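Q: pasting the structure only:
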Ligand SMILES: Cc1cc2nc3c(=O)[nH]c(=O)nc-3n(C[C@H](O)[C@H](O)[C@H](O)COP(=O)(O)O)c2cc1C
């Protein structure tokens, strides 16, 4: 099983990237979980797309997603919503629209996030839902993880030191891996039917 983990922060001491690293530590070695950040992804620009094509880093990430069994989005919260930098990356990854089905369609996805505030990215995670629906992904809602007071949850090296959150994260990842296993075990014909049913993107 391959899981793409995407942290929505560029910060070197990001709590969200630290959370993603901690998530990777909880899963078995048999799971190929890779950690990606937003570095080298430019701002979406329709002129760049038309004249130069999809940027190399976006194409690399698209390939990683196509070859994956699931996506874990680790989202910061900005102004009670999702962070523009991460939305920008997802927007690039959704280009051109004909690739949305292979990159995102029916792909299991889960959301977690960390914030120094007391609400632990609840609103950011909610704000992602219309995007996930539009891209035709398969969200897993079996559990949730909102890491609040993140400044007290990780040590200076970015290691998760809070035992409650460590346990919650283990349970979360176990549930998500179980969900991916169920989804990938679905017979090919059922998957083809689901792909057919998935509506065409409204935008071009
Ligand atoms: C522009 C901006 C807006 C923010 N808005 C929120 C917010 O609405 N809720 C919240 O919990 N934290 C908010 N924060 C604080 C972030 O949660 C904090 O900077 C966090 O460390 C960012 O994630 P990172 O550590 O992974 O980079 C905001 C930070 C910035 C820069």
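A: Structure's in. What do you need? Predicted model, so just to flag it, every value in this text is computed and none were measured.
Q: does residue 24 touch residue 5 like I think?
A: Yes. Counting by CB atoms under 8 Å, residue 24 touches residue 5, with 6.5 Å between them. Any C-beta I mention is one placed from the backbone N, CA and C, and that applies to glycine too.
Q: pLDDT of stretch 176-183, averaged?
A: Averaging pLDDT along stretch 176-183 gives 97.
Q: what sits up against that stretch?
A: For stretch 176-183, contacts defined as CB atoms under 8 Å, 6 or more residues apart in numbering pick out 1, 3, 27, 31, 69-70, 72, 106, 108, 110, 138, 140, 142-143.
Q: go with 6 Å
A: 69, 70, 108, 110, 140 (CB atoms under 6 Å, 6 or more residues apart in numbering).
Q: list phi and psi for residue 108.
A: With angles defined as degrees, to the nearest 10, residue 108 sits at phi -60, psi 140.
Q: now residue 100: phi and psi?
A: phi -60, psi -40.
Q: tell me the spacing between it and residue 6.
A: 16 Å (CB to CB, to the nearest Å).
Q: can whichever strand or helix holds residue 19 be found next to the ligand?
A: Using DSSP states H and E, residue 19 falls within helix 15-26. Yes. Helix 15-26 lies within reach of the ligand by CB under 6 Å from any ligand atom, at 15, 16.
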